[in-house]
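Peer 1: give me coordinates for this.
(chains A and B)
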Amino acid sequence: MNKKQKKLLIRILAAAVLFVPLYLISEGIVSLPMPGWGQIALFLIPYLLVGYDILQKAWHGIKNGRVFDENFLMTVATIGAIVVGEYGEGVAVMLLYQVGELFQSYAVGKSRRNISELMDIRPDYANVETDGRVERVDPDEVEIGTVIVVEPGEKIPLDGIVTEGSSALNTAALTGESRPRDVSVDDEVLSGSINMTGVLKVRTTRAFEESTASKILDLVENAASRKSRSENFISKFARYYTPVVCFGALALAVLPPLFCVLTGLGMDGYASRSALWGDWILRACTFLVISCPCALVISIPLSFFAGLGGASSQGVLIKGSNFLETLSEVRVVAFDKTGTITKGNFAVTAVHHSPLDEEKLLEYAALAECYSTHPISSSLREAFGREIDSDRVSNVHEISGHGITAIVDGHSVAVGNERLMNSLHVAYLSCHHVGTIIHVAIDGVYSGHIVISDELKEHARLAVEQLRRAGIEKTVMLTGDTDQVARRVAEEVGLTDYRTELLPGDKVSCVESLLADCQGRKKLAFVGDGINDAPVLSRADVGIAMGALGSDAAIEAADVVLMDDDPLKIAKAIRISRKCLRIVKENIVFALGVKLVCLALATVGVADMWLAVGADVGVMILAVLNAIRCLLVKNL
Amino acid sequence: MKKTYKIEVDCANCANLMEEAAKKTPGVKECAVSFMTLKMKVEFDDGADVDTVMKNVRANCKKVEDDCEIYL
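Peer 2: Okay, the predicted model is just below:
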């Protein structure tokens, strides 16, 4: 609790101690004779003690031409109650209202801290080594290329490359992934991860401002300032609502008794005219107490804030409440293929029809391709996996669009596609696998082929399945790849549709035509890896960039950033947003529902002030507690 | 130019009022107040004197909610 809250708590306790005996006396439960004016004077002590700041604020509001706010509501209601002789009720309302305020301020402060802790990746210092001495400096002051030392248990302050040591890193704060990541010399490390086991020396590659931790913090902090439709609705609502209820209460206080007096109807129940007026004024005051909009005004932004915080603890950064809201309405998801559904790493997946050992065939192919820079040759070299001795290779000819011929260990080796085999008059066997097929002929004899293809991501199938279960109607893959490859991937993963052979510009028009098909409130999300799909990311209702850790372009262009490249997070992000929006709706319906019922009861004179303030504070507390549920998304 | 300031305010509605008050201040192009992070993000008009503008913003905010603070 902070100073302000403590002060309020003391005032509430003191006022309560004074108020309870007074109330018992005034209600005649404890008999002690007291004159009327003495009661007023005594009740005013706890009233002013607990509510003076509300009165002040109300006065201040009137003075500055901003009459209708909750302070004004409370002031008018309590003074009204005291004027008509219900001292006890008047003080009790003020007291309980302040209890509610205290709870609200405490709960908000607490969740604010909880959420900031979740996102606590801001490094406090960096250890810079100069002349063998280690010095602690502000990460802001460290220049690019400086070598910093990170001890176990410390946060990595700046992005960089490991120059010495090896360790396991906890990247949970960045990715939501709790499995540690092993790093050693020449690996890139990102700021915000925590060094767990060994001492690391890191050469920084980015200044603090540009480092991952700052970028993420910046994004998260700005997220709360982009407001959702629900939040805008509530703040607009509050602006018109309070004046409306004030005039409603005024009408309630004046019109019915005036009607009674003028027509003489309904006077039977009252002893005198002043009793009649008193009753209706009290009803109007009760009406005012109930109508206080606090529950809504506080719980809606709190829900969104907790939702954003909960999501970022799972490695899902959402750039604003508005995107959280849109995400919950997504019914169509379009995917980029490479890097999103597939790993995009073009690995050797099979070797067929080889009379030699697979290993041996790969060795010949890798050697023949040892000078080539084509992605295919690097895949071959990677599959071979050993050091390549280029002295074994001579007479290399690269035939563009065909392949390579070379002399390896005295054998003439040809590595390439069907066209190369045809031109060498070698009979080849075609392959039923989809991918890039590399045929190999040794000394003019066909020696089999190597299949190179992009691998599906481990969770791609499950991710699409989860999306379907989350009510996503259409899952469409947009790819520049051929029809054959796309069809196989789409079938394997279980997508509902795919568009092939698209240039980057075509993807935008594809998304546009998909958008045109989305009617009403159905929204479209596009998921990409952030490389060359920035225009598509920004054209979709929600652009989701995955595996964005360390990629500035993606963080810039997307609305939702998945920190690691696990496609399961797409469905997770949608589930988080749905939960959050469900809670927001629950709170709106619940708070307004209870208020409307109580308002009706107060109008007909059934609800008294106790019920009124109970409804007001109770609804607020329940709505705040409900809002905090948005944080609980770990097992969603 | 954009700048972010730390603020102190007690209720969500007051934060909305501060945002409106700040937006109406001359020299302020755009303003967003986040009650949850207790931050005020201000975008200034080109050529505006940040210090003076922020003093006015603070005065205007105090007018709508005397219980608030902007740390300049």
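
Peer 1: which helix or strand contains A:Arg487?
Peer 2: When elements are assigned from DSSP states H and E, A:Arg487 belongs to helix A:483-493.

Peer 1: tell me which residues are up against that helix.
Peer 2: Contacts with helix A:483-493, where a contact means Cβ atoms under 8 Å, 6 or more residues apart in numbering or on different chains, come from A:337, A:341-342, A:434-435, A:453-454, A:456, A:460-461, A:464, A:477, A:479, A:495, A:497-498, A:500-501. C-beta coordinates here come from the backbone N, C-alpha and C atoms, glycine included.

Peer 1: burial count for A:Val597?
Peer 2: 13 (other Cβ atoms under 10 Å in any protein chain shown).

Peer 1: please give the element, helix or strand, for it.
Peer 2: helix A:568-603.

Peer 1: buried ones in that helix?
Peer 2: With burial defined by 16 or more other Cβ atoms under 10 Å in any protein chain shown, the residues of helix A:568-603 counted as buried are A:568-581, A:583-584, A:586-588, A:590-592, A:594-595, A:598-599, A:601-603.

Peer 1: now, which of the contacts of helix A:483-493 lie within helices?
Peer 2: Here DSSP state H is the test, and the contacts of helix A:483-493 give A:460-461, A:464 as lying in helices.

Peer 1: with respect to chain B, which of these is nearest?
Peer 2: Minimum separation from chain B among these (Cβ to the nearest Cβ) is found for A:Val464, which lies at 34.2 Å.

Peer 1: let's see which of the contacts of helix A:483-493 end up in strands.
Peer 2: For these, membership in strands holds for A:453, A:477, A:497-498, with DSSP state E as the criterion.

Peer 1: okay, strands next: where are they in chain B?
Peer 2: In chain order, chain B shows strands spanning B:2-8, B:28-34, B:39-44, B:69-71, with DSSP E as the criterion.

Peer 1: can you tell me which residues in chain B are near chain A?
Peer 2: Taking Cβ under 8 Å from any Cβ of the partner chain as the criterion, the neighbours of chain A within chain B are B:4, B:10-13, B:16-17, B:32-39, B:41, B:63-64, B:66-67.

Peer 1: from these, list just the buried residues.
Peer 2: For these, burial is judged from neighbour counts taken by 16+ other Cβ under 10 Å, and it is met by B:4, B:10-13, B:16-17, B:32-39, B:41, B:64.

Peer 1: as a whole number, average confidence for the helix holding A:Arg487?
Peer 2: Mean per-residue pLDDT for helix A:483-493: 87.

Peer 1: please save the CA atoms from it in CSV.
Peer 2: What follows is the C-alpha trace of helix A:483-493 in CSV, where atoms were taken according to Å, rounded to 0.1, in the frame of the first residue of the first chain:
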residue,chain,number,x,y,z
ASP,A,483,0.9,-25.9,-57.0
GLN,A,484,2.3,-29.4,-56.4
VAL,A,485,4.3,-28.5,-53.3
ALA,A,486,1.5,-26.3,-51.9
ARG,A,487,-1.1,-29.0,-52.3
ARG,A,488,0.9,-31.5,-50.4
VAL,A,489,1.6,-29.1,-47.6
ALA,A,490,-2.0,-28.0,-47.4
GLU,A,491,-3.2,-31.6,-47.3
GLU,A,492,-0.7,-32.6,-44.7
VAL,A,493,-1.4,-29.8,-42.4
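
Peer 1: what residues sit buried inside that helix?
Peer 2: So helix A:483-493, judged by 16+ other Cβ under 10 Å, has buried residues A:485-486, A:489-490, A:493.

Peer 1: how far off centre is that helix?
Peer 2: With Cα atoms, centre = their mean, to the nearest Å as the basis, helix A:483-493 stands 32 Å off its chain's centre.
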